[in-house]
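K.L.:
sequence and predicted model, in that order:
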Amino acid sequence: MTEKTIKFENFVRIVVCLFAVFLTGVLTLASLFSTTGMEIVQEGEGINNIVITIQQGIETVWYYHDNIFANLIWLVIGFAVCFAVMPFLKKIPFRMEMIFVFLWVILLGSVWVTSSQVCPSEDSGTVATASIRASRDDFEWLELPYFSYYSYQLGYVLFNEILIRIHDTFKEPANLIYLEIMNVIFLAVTYMGILLLCKKLFKDEKIHHLTAFLLLFSIQPIIFSVFLYGIYPGMMFAVWGIVFEVFYFQTEKIRFIPLSAVCIALAYLIKPNYLICLTAMMIIVFAKVVSALKKPRKLAVCLAYLVLSLGLSFSLPKYTASFYESRSGIQLQQSIPMTSFIAMGLNESGNAPGWYNYFHTISNFEIHNFNTQEASKASVEEIKNRLQYFSENKHYRDEFFYKKFVSQWNETSYQSIWNNKVRMQYQEKGKFSEWVCNNGEQKTKAYMDIYAQLIFTGVLLGSIACLRKKELMQIIFPLIIIGGMMYHLMAESKSQYAMPYYILMTGFTAVGICWLYDKIMPFLEPKLLTLKSKFKSEKRSNHERTEQSDQTQQVSEPDSPAQSADSGN
């Protein structure tokens, strides 16, 4: 590798890490001072005065002030626990670690899903119903405007249809709980991929050991697993697409390229938001292309990888739509343009800045006679107007984007509990989920908030650590995280959209904690050893004094009455 290519890779790495330090730094500070809440506000419970406005509704964002001193204490405790367990974790073989994490997620997730008894509703219900009907060769649902407006949902419909057909071959379905159990399995397999990434990317074994430990106690993803919306299967494929990319660049074995391309294409098909992961992967490939300019074979392979990944990712959704049109004989109408979602993300909503707003998507599309091009032109014009307004009103701009940012990323339950409360039920909840969603909700959210602060701080420290690391692939975690943050600053925000990135943050946190551990332990270890030695010495001295005291007491004790009588005789 020439000096110029090394400089280019270093430039990419430093730029990504600096962005990550800035964005995660803002998030970390915000989380210490405040928390965003996702609440259900019933009729008559809204607040509207000159200080604060809280609208009634099923999805309402609250902003809470936190006790920073209490948060700092909990943060120190969190780091202390991580430092304390590291020496014990290194004794666990990696394979056993993987198996335990996998089984733990399957067990806890299955218990949660069966206890919660959540039934898909709203958008997730529409998609789930379409999947069931498609598995029975009933395609009347395709005539609904929903699947023309949001044709990208057809990828997840197809994925679910396949799972439903397989399941129904063996068992008559009573409900869709088995798809939620599949979500749990997808989450467990995702964790396996994250652990492999930590092992392959970072040579410090403490990192993958601590990552496994941290994943065990992250409860938001477990509670979120009842939500059938393509997030978990899409993430599983995205993470394993990255795993195979790492395998290729570390071994240069070409067989990993099609595996990576297929995985990331499936992720994008199931959930288009994983375009962020695809973009991050292709940035890495592009940097490798620049590095391989004077190596024709390597250059050709990298370009082929680039073309295959992009070609599959952007063609599969089109083929899926054509597949359903062919099977049903129903022609899909035009879709809402992506620019409308950007326009929505740059406007106020009835909830938080940049959250869902019917006007900039559905209404705009209807106004322009369901014409994608005309609706897109109007959305582009709206985007220009909003950007102009932001440039002229800087205070409003800063407040808008700050509130939008924290409403998504600092809502540390990520609507996991909320999704269990607002959805329809197959039957009454079990005691476990009933407690979490009602009497224990505030305690559970408090734990989530404390844990998330540890995660945010670890990601910040990890981003700082990656500024000094030389391996380009190590920035894949922060690259995806800041990609998600920047995308949702522009497009629609919603805290549940942050869940995949929070899981990746949990996987990357150990990098920062281990970096801090390595920095401070050389100074702390001698003092800890001195204290330990002093403690043992004092314990030994106390033990000796106790023995001497016991012996003295035995010598000074008077004879028993019987002995005294004998001596008198």
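P.N.:
Good, I have the coordinates. Numbering: from 1, shown residues only.
K.L.:
where does the prediction get shaky in the stretch 51-200 of the chain?
P.N.:
51-57 (pLDDT under 70).
K.L.:
switch to 80 and redo it
P.N.:
51-59, 173 (pLDDT under 80).
K.L.:
give me the neighbour count for the nearest residue to residue 376 once chain neighbours are set aside.
P.N.:
Distances taken as Cβ to Cβ, 6 or more residues apart in numbering place residue 337 nearest to residue 376, at 3.8 Å, with adjacent residues excluded. To be clear about C-beta, it is placed using only N, CA and C from the backbone, and glycine gets the same treatment. Number of residues near residue 337 (other Cβ atoms under 10 Å) recorded here: 23.
K.L.:
can I assume residue 397 is in contact with residue 387?
P.N.:
No: with contact defined as Cβ atoms under 8 Å, residue 397 does not reach residue 387; the gap is 9.4 Å.
K.L.:
which one of these two is surrounded by more residues?
P.N.:
residue 397 (15 against 12).
K.L.:
hang on, that one in a helix?
P.N.:
Yes: counting by DSSP: H, G, I helix; E, B strand; the rest coil, residue 397 is located in a helix.
K.L.:
report the separation between it and residue 498.
P.N.:
22 Å (Cβ to Cβ, to the nearest Å).
K.L.:
for residue 349, same thing?
P.N.:
Taking Cβ to Cβ, one finds residue 349 at 17 Å from residue 498.
K.L.:
how about the strands in the chain?
P.N.:
With DSSP state E as the criterion, the chain has strands at 34-41, 47-48, 53-54, 57-65, 118-119, 424-425.
K.L.:
now residue 206. Nearest residue, chain neighbours left out?
P.N.:
Of all residues not flanking residue 206 in the chain, residue 514 sits nearest, at 4.7 Å (Cβ to Cβ, 6+ apart).
K.L.:
gap between the one you found and residue 505?
P.N.:
In this view, residue 514 and residue 505 are 15 Å apart by Cβ to Cβ.
K.L.:
how about residue 261?
P.N.:
Noted for residue 261: a distance of 26 Å to residue 505, by Cβ to Cβ.
K.L.:
do the same with residue 356
P.N.:
With Cβ to Cβ as the criterion, residue 356 and residue 505 are 24 Å apart.
K.L.:
circling back to that earlier point, neighbour-wise, which of residue 349 and residue 498 wins?
P.N.:
residue 498 (23 against 19).
K.L.:
which residues sit in contact with the more buried one?
P.N.:
Applying Cβ atoms under 8 Å, 6 or more residues apart in numbering, we find residue 498 in contact with 408-409, 411, 414, 484, 488.
K.L.:
which of those has the most neighbours?
P.N.:
When neighbours are taken as other Cβ under 10 Å, the top entry among the contacts of residue 498 is residue 409 (29 neighbours).
K.L.:
show me the contacts for it.
P.N.:
By Cβ under 8 Å, 6+ apart, residue 409 lies in contact with 27, 485, 495, 498.
K.L.:
now those residues in TSV, with distance to residue 197 and pLDDT?
P.N.:
Shown next, in TSV, are the contacts of residue 409 (distance: Cβ to Cβ, whole Å; pLDDT from 0 to 100):
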residue	distance to residue 197	pLDDT
27	22	97
485	20	97
495	25	95
498	20	97
